[in-house]
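Colleague: Just a sequence and a predicted model for now, questions to come.
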Amino acid sequence: MPRRQYGFTLVEIAIVLVVIGLLLGGILKGQELVNGARVRNLADMNAGIQAAYYGFVDRYRQVPGDMAAAAAASTIGDATITAGGNGNGRIDAANWREASALWVHLTRAGLLQGSYDGGARSARRYRATAMAPQNAFNGYVVLGQTRDYSTPGGAPTATQAVRLGLVLGDNIPVDIARELDLKIDDQRPLTGALRFTGTTTFSHRGVSEATTLCMASATTNEYDVAGDAQQCNLVYIY
């Protein structure tokens with residue numbers, strides 16, 4: 001008697017394909033939810049820091065981080081505060097002592113959560129200390145007066161206006177950067193309030209991928225999502 005050949009029926013194959021499709025759909029949906037949560041985290045962090053900064057200025061009539069340590073200790077009512085600035089009314093971009101003292105002032109005033117040491121170290125040593133909050137991708141953020149933002153004309157120039165801005169930190173994937181810009185600004189990396197950092201001058205660690213790797217072109221003013229860059233750095237201009 002000849003041996004009969006057995007195989008999968010069309011129904012069985014269809015069931016397997018449906019199951020595979022459901023699994024792939026679940027994985028993709030899960031990743032979408034994770035990315036959405038990270039975008040919300042970045043947006044909430046930005047909004048929280050901005051509210052804390054202006055809340056401090058409104059309450060104490062002083063700029064956090066820039067206020068002298070003794071004045072901060074007396075005004076805030078915390079004698080343990082030893083970090084502060086020169087009291088010139090701004091957070092100087094070249095002064096990392098003020099950039100780190102800012103987080104001490106905001107947290108001791110109860111306007112932000114966290115515990116920071118206020119140490120005056122260089123940007124490249126920032127990552128090894130408790131000197132600043134971190135974004136959802138473990139990049140350190142910094143707030144201060146800076147020209148470190150891109151423009152349609154290219155990198156910032158010496159005559160470009162110095163603005164108060166929050167550098168959101170490195171390690172941000174380009175697709176997350178685009179979604180964040182879509183959520184809180186104009187979805188363009190060179191215009192609006194949220195932009196690419198122009199240099200690494202005022203970015204913690206001094207590490208980020210070149211703007212050209214995160215952007216399709218200056219002409220189109222669009223994020224290069226297809227390029228899949230993983231270390232884009234953004235600054236939100238107040």
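Modeller: That came through, no problem.

Colleague: since we're on the nearest residue to residue 50 once chain neighbours are set aside, how many residues are nearby?
Modeller: Once its chain neighbours are removed from consideration, residue 50 has its nearest residue in residue 238; the separation is 6.4 Å (Cβ to Cβ, 6 or more residues apart in numbering). All C-beta atoms are positioned from the backbone trio N, CA, C, and that covers glycine. In terms of burial, residue 238 registers 15 neighbours under the definition other Cβ atoms under 10 Å.

Colleague: the strands in the chain, which residues?
Modeller: Applying DSSP state E to the chain gives strands spanning 142-146, 163-167, 194-196, 215-217, 222-223, 234-237.

Colleague: can I get those in JSON lines with mean pLDDT, mean neighbour count and distance to residue 136?
Modeller: Conversion of those to JSON lines gives the following (pLDDT from 0 to 100; neighbours: other Cβ atoms under 10 Å; distance: least, Cβ to Cβ, whole Å):
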{"stretch": "strand 142-146", "mean pLDDT": "87", "mean neighbour count": "25", "distance to residue 136": "16"}
{"stretch": "strand 163-167", "mean pLDDT": "90", "mean neighbour count": "21", "distance to residue 136": "14"}
{"stretch": "strand 194-196", "mean pLDDT": "90", "mean neighbour count": "25", "distance to residue 136": "15"}
{"stretch": "strand 215-217", "mean pLDDT": "81", "mean neighbour count": "16", "distance to residue 136": "21"}
{"stretch": "strand 222-223", "mean pLDDT": "92", "mean neighbour count": "20", "distance to residue 136": "18"}
{"stretch": "strand 234-237", "mean pLDDT": "91", "mean neighbour count": "24", "distance to residue 136": "12"}
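
Colleague: Let me have these in JSON lines, adding distance to residue 131 as columns.
Modeller: Compiled in JSON lines, the strands of the chain are given as follows (distance: least, Cβ to Cβ, whole Å):
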{"stretch": "strand 142-146", "distance to residue 131": "9"}
{"stretch": "strand 163-167", "distance to residue 131": "14"}
{"stretch": "strand 194-196", "distance to residue 131": "24"}
{"stretch": "strand 215-217", "distance to residue 131": "29"}
{"stretch": "strand 222-223", "distance to residue 131": "29"}
{"stretch": "strand 234-237", "distance to residue 131": "18"}
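
Colleague: Out of the ones you listed, the one nearest residue 80 is which?
Modeller: For residue 80, the closest of the strands of the chain is strand 142-146, at 22.0 Å, according to Cβ to Cβ.

Colleague: helices or strands up against that closest one?
Modeller: Packed against strand 142-146, as judged by 3 or more Cβ pairs under 8 Å, 6 or more residues apart in numbering; DSSP states H and E, are the following elements: helix 96-108, strand 163-167.

Colleague: Show residues contacting the longest one.
Modeller: When you say that, I think you mean helix 96-108. Around helix 96-108, the neighbours that count as contacts under Cβ atoms under 8 Å, 6 or more residues apart in numbering are 49, 52-53, 56, 64-67, 69, 72, 76, 78, 80-81, 83-86, 91-92, 112-123, 126, 131-133, 142-144.
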